[in-house]
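Trainee: Predicted structure and sequence below. I'll ask about it afterward.
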Amino acid sequence: MFHLTMLKIKLFLILTLAPPRTTPHHTTQLISSYQGLRENEGRGPAILNSIVSTAWTCNLDKDIKDLPPVETFDGKTITFEERDSIVGKVYQRIMEIESRLLPCGLHTVGVPPTAEEAIATLVNIAQLDRAEDKIESLNRQIAASIGRNIDDIYSTSNAGVLADVELNEKIVQASRAAVRALVMESTDGDGRVKEVKSPLDEIGNFFGNMIGKKRPYVEAIIDGGFPKINPERLVPLFDYLEFCLKQIVANNELGALTNALDGKYIVPGPGGDPIRNPDVLPTGKNMHALDPQSIPTTAAVECAENVCKILLERLYKENDGMYPESIAFTLWGTDNIKTYGESLAQVLSLVGVRPVADSIGRVNKVELIPLEELGRPRIDVVVSCSGVFRDLFINQMNLLDRGIKMAAEADEPLDQNFVRKHAIEQAEELGIGVRDAACRVFSNAAGSYSANVGLAVENGGWENEEQVCES
């Protein structure tokens with residue numbers, strides 16, 4: 001007699017906290033010296049010469065196209081405005097490098113982050129607008145307190161305007177100081193966050209508000225040089241940051257791991273980037289990915305539009321007042337999971353197409369943005385999708401194809417619609433219709449990935465390693 005035993009295999013993916021990410025810090029001693037001595041005809045030009053020489057030494061000439069040649073440059077021969085322009089471009093490039101996020105080591109399972117690690121994560125969370133929750137970013141609110149729009153500051157800062165590069169850095173530092181003040185309220189003597197906003201803290205804050213005492217994060221912003229900040233406007237954001245802080249330090253990972261090994265139920269939850277989507281917190285959940293039909297999200301579309309605006313402004317200036325007619329894109333599956341479709345939204349934004357979600361948040365339609373609203377030509381985009389993107393987001397590939405073909409068939413001037421311009425040229429050259437000529441979204445065949453090396457190995461049609469490498 002034979003006994004058949006049925007085995008149930010349970011698979012869990014336990015979500016753990018990603019390593020905290022922070023920005024590198026660079027020394028800007030020369031630029032600080034220039035700012036203090038720019039009007040000193042004896043030392044100002046000499047410091048500028050040192051800035052230019054150091055920029056060349058650091059290979060910044062590869063990023064700053066009109067950086068003066070170090071061999072023949074003399075700061076005494078140019079005007080104050082030209083000096084400021086050179087320093088502004090160098091400073092902007094340094095700040096751009098400093099804004100990149102770098103991981104701070106590895107996360108230890110079951111160990112909550114230190115206060116410094118929590119600050120690094122919250123600073124990045126605070127820098128993003130969250131339209132779905134009606135929360136303005138901290139940088140935007142600080143800029144508004146002096147009557148400026150943060151998007152304009154970003155734009156002029158990217159153009160190398162020295163005053164706005166300095167202002168942007170001042171806003172960033174005030175933002176970091178405010179978040180630090182929030183976290184330090186809940187930090188113990190060992191430098192770790194134990195309990196966030198206990199009942200006693202709530203009572204203290206209540207009586208503090210009655211006597212007009214400002215919260216530490218408000219005082220930090222005022223001390224940072226922004227005395228007109230609106231404390232009430234900050235409340236929704238910092239309530240949200242306090243909630244995020246509680247989720248960051250929640251220690252659910254070891255318990256979930258033990259339950260998983262025992263085959264017990266683990267609460268499911270989405271995976272992803274906790275900075276862009278803090279809803280993935282707390283960790284210790286049975287992780288699943290996102291709904292492919294829900295991307296790009298509203299927040300991803302807004303971020304993508306800002307990125308495309310900055311990109312096109314830069315290319316417009318670099319090409320003597322001419323917009324690029326074509327841009328090539330590669331869409332990666334993992335990248336779009338982490339950003340909830342931001343790269344996908346960038347393609348749609350360049351073409352001048354808006355994704356439209358239905359009543360339950362599924363993005364299943366696109367519409368053309370009128371040229372009057374777009375304010376620029378439609379850019380022709382050629383898209384290469386990775387194999388993983390093709391497998392996960394086949395519906396979004398269809399949306400991209402539909403949006404690009406809508407642009408190609410729009411009855412608009414060719415100098416304002418490069419998609420249509422190129423599609424008509426290709427249709428005439430190949431003797432096909434405009435719609436067929438407007439195919440711009442490509443990927444490998446189903447089942448194949450990367451450079452198809454896997455297929456070459458499986459087929460056995462090679463005799464040495466060089467043939468595989470060449471394929």
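Mentor: In hand now; what should we look at?

Trainee: Name the helix or strand of this structure that has the lowest mean pLDDT.
Mentor: In the chain, the helix or strand scored least confidently by mean pLDDT, DSSP states H and E is helix 199-210, which has a mean of 54.

Trainee: right, and the helix or strand after that one?
Mentor: For helix 199-210, the following helix or strand on the C-terminal side (DSSP states H and E) is helix 216-223.

Trainee: elements contacting that next one?
Mentor: Applying 3 or more C-beta pairs under 8 Å, 6 or more residues apart in numbering; DSSP states H and E, we find helix 216-223 packed against helix 162-184, helix 231-249. In this view, the C-beta of every residue, glycine as well, is placed from N, C-alpha and C.

Trainee: How about the contacts made by the most centrally placed residue in the chain?
Mentor: Taking C-alpha atoms, centre = their mean, the centroid of the chain lies closest to C303, which sits 7.2 Å from it. When the contact criterion is C-beta atoms under 8 Å, 6 or more residues apart in numbering, the partners of C303 are L128, T339, E342, A345.

Trainee: who's in contact with the second one?
Mentor: It stands for T339. Counted by C-beta under 8 Å, 6+ apart, T339 has contacts D273, R276, A300, C303.

Trainee: cool, and the third one?
Mentor: Contact analysis of E342 by C-beta under 8 Å, 6+ apart lists P296, A300, C303, A304, V307, N336.

Trainee: number of nearby residues for K246?
Mentor: Other residues near K246 come to 16 when the count uses other C-beta atoms under 10 Å.

Trainee: quick one: pLDDT of the nearest residue to it once chain neighbours are set aside?
Mentor: Excluding the flanking residues, the one nearest K246 by C-beta to C-beta, 6 or more residues apart in numbering is V196, at 4.6 Å. V196 carries a pLDDT value of 70.

Trainee: Distance-wise, check V196 relative to G284.
Mentor: 17 Å (C-beta to C-beta, to the nearest Å).

Trainee: likewise L399?
Mentor: L399 is 35 Å from G284, by C-beta to C-beta.

Trainee: One more: G88?
Mentor: Counting by C-beta to C-beta, the separation of G88 from G284 is 47 Å.

Trainee: between those two, who's got more neighbours?
Mentor: A direct count of neighbours by other C-beta under 10 Å for G88 and G284 places G284 higher, at 25 against 21.

Trainee: and that one, which of the three is it?
Mentor: coil (DSSP: H, G, I helix; E, B strand; the rest coil).

Trainee: what are the phi and psi values for it?
Mentor: phi 90, psi 10 (degrees, to the nearest 10).

Trainee: Which two of the contacts of C303 have the greatest separation?
Mentor: Within those, two members stand farthest from each other by C-beta to C-beta: L128 and A345, at 14.5 Å.

Trainee: low-scoring stretches of the stretch 51-200 of the chain, by residue?
Mentor: Within the stretch 51-200 of the chain, the segments meeting pLDDT under 70 span 194-195, 197-200.

Trainee: Strands of that one, start to end?
Mentor: Taking DSSP state E, counting those that start in this stretch as the test, the strands found in the stretch 51-200 of the chain are 102-103.

Trainee: related to what we said a few turns ago, please identify which of L128 and A345 sits among more neighbours.
Mentor: The residue with more neighbours, out of L128 and A345, is A345; 29 against 20, by other C-beta under 10 Å.
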